[in-house]
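1. Could you work out the structure for the sequence below:
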Amino acid sequence: MTPEEEFKESCRTFFFKPYDWQENALRRLRKKNTTAIISSNKIGKTCLVVNVLISWVFGYEPWTTSYEGDPDGVKIQKAYYKKSSLGIDLPVKIILTGEDWKLHIGQVLVPELKKWLPAGWYRTKKNEQGVEYFWEFCDNNGKWKNPSTLTIMSYSQADDLFESFRAQGVIMDEPPPKSKYKAMSRGLLLDNGKTLLSLTPIKEAWILDELVLSGRKDVEIIDGLKITDNPDLYNSDLETLKDLTKEQRETFFDLLLYDDKEKGKYVTDRGYGAEQYLEDLYPIEKHAIIGKLKVLKFIKDIDPDDVPPRVFGEFKSLVGRVLKEFNSDIHVIKAFEVPTDWPVTVMIDFHLSTPQAISYWAVDKLDCHYCVEETWKNLSSGGIADDIIRHLRGGMRIEKAFIDPLSKGDTAYMRNQLGIDIEDAFTTIGNKLSEYGITLYVASKDKASGIRNIQEWLRGPNGLATCYICDNCERHLYEVMRWVYDDNGLPQKENDHFMENWYRYTLTGPHYADYQITPLRIAQVGSSGSWMGL
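-> Residues are numbered from 1 along each chain as shown. As a prediction, the model looks like this:
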């Protein structure tokens, strides 16, 4: 081994070359104090978190050079490097957590740390299990005065041990129990420290609702990472299949990963169909090649029920999402004041015993669509009309509203419940809105066509979306991530109230050019008293 090779071997973190997904994660890690990476197995998660940890304890990213005068750079002896994503002056105290001492920590995390850390830059202490749990790191000049430290903890330890520390950074490799996550978060408060979670979503389902789908603005979620996003693994298999055409290799991976790619149904046959496809292509004397395929072996060795989390990095409860095209990084935008010339269409999902779901959809001059506001509360029929009228008086250009057909049949329900005859909701709302120049229509129930419309809008022509949800529409964002198909291939009748409004809105055929600017009626303007609620 040459001196150069020996140096690279002993200081690997300086030669770390992030994959594309790792590079993206490193950028986004700087944005917020809590970041969760949700991914498949075998994608390089532990490699990434170990190098992030190294950068936190040293204060800079050894693999990213910088230059004199760079505000995000730091001088280390004679060279310049990018500051770490932690953003806290040294020395710092970091906590690294793992599932158990013997296997996860002892055989995965500790060896990975030693693999990447520069030799001689750290010293350790062992615990009763014989695992190096406490680490001290020398400073940039090789000194040990007031060093940064790392403490490794196991989820098998008692909860109260996680309550008794103050740290500047916590890195959780694999999903933590909720109680331990909460305790560690409290230990970071005084110094505004950072939390990095890196996990395959096999367990700890609380992470889905409280972090991934929470919509919290202080949490950065990096997901959608499947096993083929590891380029070394993927390219290795492509090289093994180099005798095949590009189309044949693509077909193999489609069969390996999906039962039906177009419908997003993940593979359930443990790779049998993909293996059979190759056996039909290769002469029998070349079948040994098939045994060298790493992704195929991985899929053959796991339970089909574990394919979503282990291969696609997806929580099992989200398998079969109706709107997989929805991406919060693309389709969620900051709420804005709607221009008065943009037509706004109101969609009402009418309920007899749950909150009313009212969506306000605007369309701009380029026929891009925006869900700009929502109402999710218990309201009477008259209250629904009042909510719409308040938005009209607030400056929205509302001429049309559409309501669930149920609103025309609610009188039968009321007669059965109360024994009285009353006006149906459609009539009550329609009469009140008509005084303000708003026409109420019955919405279409062609769900299949409506869902296809949404999917097309989310993809958009030439990859540019034409449909967006404002970040103040919290219930829309809650439902879009939880709306899934049932076992019969139909959208489930839960978490779908605003989704019903959404697909029905697409069926109204809204276009900016279809609306002509007309003077407001006297009833629409109202008196000064009506504006003050008198």
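
2. and V110, how many neighbours does it have?
-> A total of 20 residues lie near V110 under the criterion other CB atoms under 10 Å. C-beta here means a position set from N, CA and C on the backbone, and glycine is covered the same way.

3. That one sits in which helix or strand?
-> Taking DSSP states H and E as the definition, V110 sits inside helix 110-116.

4. what's the helix or strand just after that helix in contact with?
-> Using DSSP H and E, the helix or strand that follows helix 110-116 in sequence is strand 122-126. With CB atoms under 8 Å, 6 or more residues apart in numbering as the test, strand 122-126 has contacts from E132, Y133, F134, W135, E136, F137, C138, W144.

5. and the helix or strand where the fourth one lies, what does it pack onto?
-> Assigned by DSSP H and E, W135 falls within strand 132-137. With contacts defined as 3 or more CB pairs under 8 Å, 6 or more residues apart in numbering; DSSP states H and E, the packing partners of strand 132-137 are strand 122-126, strand 148-154.

6. Listing partners with orientation, what would you give for that strand?
-> strand 122-126 (antiparallel), strand 148-154 (antiparallel) (DSSP bridges).

7. hey, which of those strands is tucked in deepest?
-> strand 148-154 (a mean of 20; mean count of other CB atoms under 10 Å).

8. mind checking how far that strand is from the chain centre?
-> 29 Å (CA atoms, centre = their mean, to the nearest Å).

9. With stretch 159-172 instead?
-> 25 Å.

10. End to end on it, go ahead and measure it.
-> Terminal residues of stretch 159-172 are spaced 15 Å apart (CA to CA, to the nearest Å).

11. do stretch 134-150 as well
-> End-to-end distance (CA to CA), stretch 134-150: 6 Å.

12. next one: stretch 428-447
-> 26 Å.

13. pLDDT on it, on average?
-> On average, the pLDDT along stretch 428-447 is 93.

14. Tell me the buried residues in it?
-> T428, I429, G430, K432, L433, Y436, I438, L440, A443, S444, K447 (16 or more other CB atoms under 10 Å).

15. biggest separation within those, which pair?
-> Within the buried residues of stretch 428-447, Y436 and K447 form the most distant pair, 30.2 Å apart (CB to CB).

16. Which parts of the stretch 401-534 of the chain are helices?
-> 410-418, 425-434, 447-459, 474-480, 497-507, 522-525, 528-531 (DSSP state H, counting those that start in this stretch).

17. any idea which of those scores lowest on pLDDT?
-> Among the helices of the stretch 401-534 of the chain, helix 528-531 scores lowest, at a mean of 36.

18. Would you mark the buried spots in the strand holding W135?
-> So for strand 132-137, counting by 16+ other CB under 10 Å, buried means E132, Y133, W135, E136, F137.

19. Which pair in these has the greatest spatial separation?
-> Going by CB to CB, the pair spanning those furthest: Y133 and F137, at 14.7 Å.

20. Nearest to P91, out of the helices and strands packed on strand 132-137?
-> strand 148-154 (4.3 Å).

21. can you list contacts of the closest one?
-> Against strand 148-154 from outside (CB under 8 Å, 6+ apart): 53, 56-59, 90-101, 105, 109-110, 131-137, 161-162, 165, 167.

22. still on that earlier bit, of the strands paired with strand 132-137, which approaches L392 most closely?
-> It is, among these and with distance given as CB to CB, strand 148-154, at 56.9 Å.

23. so what does the next helix-or-strand element following that closest one touch, helix or strand wise?
-> Moving toward the C-terminus from strand 148-154, the next helix or strand (DSSP H and E) is helix 159-163. On a contact count with 3+ CB pairs under 8 Å, 6+ apart, helix 159-163 meets helix 178-188.

24. quick one: the helix it packs on to strand 148-154, angle?
-> Between helix 178-188 and strand 148-154, the angle comes out at 170 degrees (axes from the mean of the first three to the mean of the last three CA atoms, to 10 degrees).

25. Report the buried residues of helix 178-188.
-> K180, Y181, A183, M184, G187, L188.

26. show me what contacts the fourth one?
-> Applying CB under 8 Å, 6+ apart, we find M184 in contact with I95, T97, F162, F165, A167, V170, M172, P176, T195.

27. Least confident of those residues?
-> F165 (80).

28. check contacts around that residue.
-> By CB under 8 Å, 6+ apart, the neighbours of F165 are K93, I95, T151, M184, G187.

29. Tally up the residues packed near the nearest residue to C11 once chain neighbours are set aside, please.
-> Nearest non-adjacent residue to C11, counting by CB to CB, 6 or more residues apart in numbering: P118, 4.4 Å away. Neighbourhood size, P118 [other CB under 10 Å]: 17.

30. For the helix holding V110, report the contacting residues that lie outside it.
-> Contacts of helix 110-116 (CB under 8 Å, 6+ apart): 12-13, 16, 46-47, 50-51, 53-54, 131-132, 135, 152.

31. quick one: low-confidence ranges for this structure?
-> Along the chain, segments meeting pLDDT under 70 span 140-141, 407-422, 515-534.
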